[in-house]
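Trainee: can't give you the sequence, but here's the structure:
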């Protein structure tokens, strides 16, 4: 028997790796590195309209949408902007960096599959596999910078219109 018939790519054993590879946060990771990160992730399914986290709760980590859609909004603020995240997106990332409370509510729009990377596991990754954690951190910083630029532009536009 040929060796290639004896072995299959690791992704065939774990199809979730293919979904994770499409997330910008993990784009610079090899499949081996991604497999190590995958071992740290916590998976959960949410039903349509189910709350993922509430405004005011302590943030424990970030969430990656693998299937479905999530809306993030401030429930008591009808004029507040609504953000929506689909498959391949992540949200709640500030919780990896500090222990502040959530500033909005996250709710599944439809049946949704999410994985969470909690702060404790991320810090452990920083200590044990710093190269992997630094690649994730760099992508996280890039996304946070882009989101900050969008927010600043929205504020500038709002002030110009007033």
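Mentor: Looks like it arrived, so ask away. Source: prediction; values computed, not measured.

Trainee: what bits of the protein have low per-residue confidence?
Mentor: 1-13, 78-81, 156-162 (pLDDT under 70).

Trainee: how about the strands of it, start to end?
Mentor: Counting by DSSP state E, the chain has strands at residues 42-46, 51-53, 61-67, 69-73, 83-86, 90-91, 105-108, 112-118.

Trainee: can you list contacts of the second one?
Mentor: Contact with strand 51-53 is made by 46, 59, 63, 70, 92, 102, 105, 106, 107, 108, 114, as judged by Cβ atoms under 8 Å, 6 or more residues apart in numbering. For the C-beta atoms, the positions are set from N, CA and C on the backbone; glycine is no exception.

Trainee: Between these, which sits nearest residue 153?
Mentor: residue 92 (22.3 Å; Cβ to Cβ).

Trainee: now the top helix by length along the chain against strand 61-67, angle please.
Mentor: Identified as the longest helix of the chain according to DSSP state H is helix 130-161. Interaxial angle of helix 130-161 relative to strand 61-67 (axes from the mean of the first three to the mean of the last three Cα atoms, to 10 degrees): 90 degrees.

Trainee: in helix 130-161, what counts as buried?
Mentor: By 16 or more other Cβ atoms under 10 Å, the buried positions in helix 130-161 come out as 132, 133, 135, 136, 137, 139, 140.

Trainee: tell me how far that helix is from the chain's mean position?
Mentor: Relative to the centre of its chain, helix 130-161 is centred 14 Å away, using Cα atoms, centre = their mean, to the nearest Å.

Trainee: How about stretch 101-118?
Mentor: The answer for stretch 101-118 is 9 Å, by Cα atoms, centre = their mean.

Trainee: First-to-last residue distance for it?
Mentor: Using Cα to Cα, to the nearest Å, the end-to-end distance of stretch 101-118 comes to 14 Å.

Trainee: How about that stretch, which residues are buried there?
Mentor: Under the neighbour-count criterion of 16+ other Cβ under 10 Å, stretch 101-118 has 102, 104-108, 112-118 buried.

Trainee: Equivalent analysis for stretch 116-125, please.
Mentor: Result for stretch 116-125 [16+ other Cβ under 10 Å]: buried residues 116, 117, 118, 119, 121, 122, 125.

Trainee: same question, stretch 48-61
Mentor: Those would be 52, 53, 55, 59, 60, 61, for stretch 48-61 by 16+ other Cβ under 10 Å.
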